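> Predicted model, plus sequence, below.
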Amino acid sequence: MLAAAVLLLVALVLRLEQRRSPARGAVVADAVRTPGVLNPDVTQATIRSTICVSGWTRTIRPPVDYTNALKVKQMRLYGETGALSGYQEDHLISLELGGHPTDPRNLWPEPYPRASAVDQIENELNARVCDGSLSLRDAQEKESALKHDRG
């Protein structure tokens with residue numbers, strides 16, 4: 001009876017730890033290397049002329065040669081050795097939520113397929129900011145927590 005209770009307790013602890021920890025092999029954004037940096041042009045007062053305008057992010061997205069060169073450096077810093085094509089140089093605070101487009105402290109190598117899944121979350125947060133159901137600051141905090149905690 002005692003052995004069964006101990007096993008149950010161990011199983012519960014492991015399950016809780018599994019929920020708190022990122023998935024095995026997940027790459028999470030490092031809070032020191034990639035704390036996130038905001039675009040000073042995007043504030044709650046300017047969202048109607050910036051992030052809530054369809055196509056606006058295309059006007060500020062950094063060139064691929066810049067992000068690819070940064071990806072090579074940052075993958076080394078993060079200890080990632082996979083193929084470059086297996087990663088997206090992602091904005092910690094996405095352009096859709098007012099992240100700085102080129103500051104290296106707002107970019108990190110996020111592996112696929114997680115990068116694609118997170119893109120959907122970014123779009124959902126942007127929609128909520130633009131419809132007024134979530135403040136810009138709250139959306140930025142949610143995104144930062146997601147990427148620092150779960151990748």
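Okay, I see it. Numbering: from 1, shown residues only.
> quick one: low-confidence parts of this protein?
Along the chain, the model assigns pLDDT under 70 to residues 1-26.
> Let's see that with 90 instead.
Residues of the chain that meet the criterion pLDDT under 90 lie in 1-27, 82, 112, 114-117, 150-151.
> Please name the spatially closest residue to residue 102 (chain neighbours excluded).
Nearest residue to residue 102, sequence neighbours excluded (CB to CB, 6 or more residues apart in numbering): residue 62, at 4.8 Å. Any C-beta I mention is one placed from the backbone N, CA and C, and that applies to glycine too.
> same deal with residue 135?
In this structure, residue 135 finds its nearest non-sequential neighbour in residue 44, 6.3 Å apart by CB to CB, 6+ apart.
> from what I can see that neighbour touches residue 137, true?
Yes: between residue 44 and residue 137 there is a contact under CB atoms under 8 Å: 7.1 Å.
> So for those two, which residue has more residues nearby?
Taking neighbours as other CB atoms under 10 Å, residue 44 and residue 137 compare with residue 137 leading, 14 against 10.
> quick one: secondary structure of residue 47?
State at residue 47, reduced to three classes by DSSP: H, G, I helix; E, B strand; the rest coil: helix.
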